[in-house]
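> need a 3D model of the following:
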Amino acid sequence: MTISSTRAVASTAAAATALLLAGCGSSGGDAAAADGVGVVAAFYPLQWAAERVGGDRVDVTSLTPPGAEPHDLELTPQDVATVTGTDLLVYLEGFQPALDDAAAEAGDAAWDAGQAADLSLTAEPHGHEGETEEEHAEHADEEAVDPHFWLDPTRLADVGDALAGRLAEVDPDGAATYEENAAALRADLEALDAEMQQGLADCAVRTMVTAHDAFGYLADRYGLEVVGITGLSPSSEPSAAQLAEISALVREQGVTTVYTETLVDPAVAETVAGEAGVQTAVLDPLEGLTDESAGANYLEVMRADLATLRAGQSCA
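Numbers count the residues shown, from 1 in each chain. Below is the predicted model:
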């Protein structure tokens, strides 16, 4: 046999062995793990929860790029194609209006995390500046659902549990894995909740003044009161009268810190702080991570927020 013939036989044997090994490795439930269940998450907290619950069995992408304000999300045609072609879309209805129509096109693949989070809080929306007294009176009773549930760790844990069930419908072979991962996620979030309960139990100042009204669920969970300068959406513009009213409240309530954010221009919050003669500090609503975030993931940033709140609210 020639040298070239020997090489050909060896090559053929190696190829056959590779095919045999590949066939063994792709059988049964391992196929889903190898290929990955495609999950599109609307923005960071949902992305993080999906990654934790899905583990190695899912391939998670976020529609909101790092450093972008999720309220302002606009979808490209490619984004719409991604949404309508994914195995599972994890989103929050009403939080990003540009996504709601695409979610409708995604049909059964779209999963609204708000159902599991129990969005029970409402707030009076800003954004009627410049109206006459009659026009303002017409909107006086308006309330909007507060979507920022993830700042209450126990609600995010509930979403993780429900997401495990939804992923199991898409990938039944992974049901046990998803349930186990959701339980581990809940344990981490309940530990965080206990730290926050203890850390915020005895604060001299109970009123939080924040750049926008994103901390309602956190305040509700831990016995604080929140005043958002720009309402539920950071893009709304408060009137001069509203700014003066908040500045007066800061002085009356003994507030020592007005909180700015990582993804929102701090100018308005800094104006209120300057008018009231108090300091500012960064409190992250965790709508997205940036290089300036005080941690690499949800848990780290929430613990940094806890430290910021303990200082800003004069907690014992």
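
> identify the bridge partners of residue 257.
Taking DSSP bridges as the rule, residue 257 bridges to residue 279.

> from here on, count from 16
With 16 as the first residue, the last one maps to residue 272.

> now do the contacts for the residue lying closest to residue 88 once chain neighbours are set aside.
Nearest residue to residue 88 in three dimensions, chain neighbours excluded: residue 111, at 4.6 Å (C-beta to C-beta, 6 or more residues apart in numbering). The way it works is simple: take the backbone N, C-alpha and C, and place the C-beta from them, glycine included. With contacts defined as C-beta atoms under 8 Å, 6 or more residues apart in numbering, the neighbours of residue 111 are 57, 58, 79, 85, 86, 88.

> taking those residues together, which two end up most distant?
The largest separation in the contacts of residue 111, counting by C-beta to C-beta, is between 57 and 86 at 11.2 Å.

> give the residues shared as contacts by those two.
Contact criterion C-beta under 8 Å, 6+ apart; residues shared by residue 57 and residue 86: 110, 111.

> center of the chain - which residue?
The residue lying closest to the centre of the chain (C-alpha atoms, centre = their mean) is residue 60, at 2.6 Å.

> that one and residue 313 touch, don't they?
Yes. Contact criterion C-beta atoms under 8 Å: residue 60 and residue 313 qualify, at 6.3 Å.

> need the overlap of contacts for those two.
Listed contacts common to residue 60 and residue 313 are 165, 171, 301; contacts here mean C-beta under 8 Å, 6+ apart.

> in ChimeraX, how would I select the buried members of these?
Buried residues within the shared contacts of residue 60 and residue 313, by 16 or more other C-beta atoms under 10 Å, are selected in ChimeraX with:
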select :165,171,301
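
> ok but residue 306 is inside a helix, no?
No. Counting by DSSP: H, G, I helix; E, B strand; the rest coil, residue 306 is located in no helix; its state is coil.

> distance of it from residue 323?
18 Å (C-beta to C-beta, to the nearest Å).

> neighbour count winner among those two?
Comparing residue 306 with residue 323 by other C-beta atoms under 10 Å, the one with more neighbours is residue 323, at 17 against 7.

> tell me the pLDDT of the more buried one.
On the pLDDT scale, residue 323 is placed at 98.

> OK, contacts around it?
Contacts for residue 323 (C-beta under 8 Å, 6+ apart) come out as 274, 296, 297, 298.

> from the residues you listed, which land in strands?
Cross-referencing the contacts of residue 323 against strands under DSSP state E gives 274, 296, 297.

> number of nearby residues for residue 91?
9.

> over to residue 63?
Count around residue 63 with other C-beta under 10 Å applied: 22.

> I'd say it and residue 311 touch.
No. If you go by C-beta under 8 Å, residue 63 and residue 311 don't touch, sitting 10.6 Å apart.
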